[in-house]
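J.: Model the structure of this input:
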Amino acid sequence: MSIYNQFQLTQPLIAGKRFFAFTSYYGELLEKVQKVIKKFHHETEVPSKRFGDIYIKQLYECVLLFFADRFGIDSLTKPVLQQLYTWSYSLRLSMNAVYPQTINKYAKGNHERINKNLDMFSKINDMLEPEELKLIVLERPEVDDKSVEKYNKIYEKLCTWNRW
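T.: As a prediction, this is how the structure comes out:
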């Protein structure tokens, strides 16, 4: 892909005309990411009825947006979607209740229950090639019966993809 992007999610925001160009660009990129998600996942795999489910879905969209911003929308291949879905939804399976603070701690790699010290956004930011994502080993979440029952489709999908 030879198209260069004049923006980066990690850059400081500048007021004025550039701010609106920045928000317009990322609004369009987010729409593309959401289309990729709808194409790849069945709606039961990306629940959004409860607040915690919405927070997890937003985390997934954000990490995909960040990855697509770094490497291009075409870099959202099946293995990338599977890896980042596993990272995002492992938190949903290991927690009965998810709050914005939970998401923030997890995204920074500060969550105690799963993938401790794994700051996925920093890892992606430091990558030179999208294939480096395959080198990140994710922990298998400890899942109670209630979560397996409530999120059975997600649990089965992660078990199949990750051979758990």
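J.: in this structure, which spans are strands?
T.: With DSSP state E, there are no strands along the chain.
J.: In it, where is pLDDT below threshold?
T.: 1-5 (pLDDT under 70).
J.: give the contact list for the residue most central in space within it.
T.: Centroid-nearest residue in the chain: Y60, 2.8 Å away (criterion: Cα atoms, centre = their mean). Applying Cβ atoms under 8 Å, 6 or more residues apart in numbering, we find Y60 in contact with I37, V46, L84, Y85, S88, Y89. Yep, even glycine has a C-beta here, placed from its N, CA and C like the rest.
J.: Give me the buried subset of those residues.
T.: Buried members of these, scored by 16 or more other Cβ atoms under 10 Å, are I37, V46, L84, Y85, S88, Y89.
J.: what's the burial count for I73?
T.: I73 is flanked by 16 other residues according to other Cβ atoms under 10 Å.
J.: Oops, could you answer that again for E132 instead?
T.: E132 has 13 neighbours, counted by other Cβ under 10 Å.
J.: The one 5 residues further on too?
T.: By the criterion of other Cβ under 10 Å, V137 has 7 neighbours.
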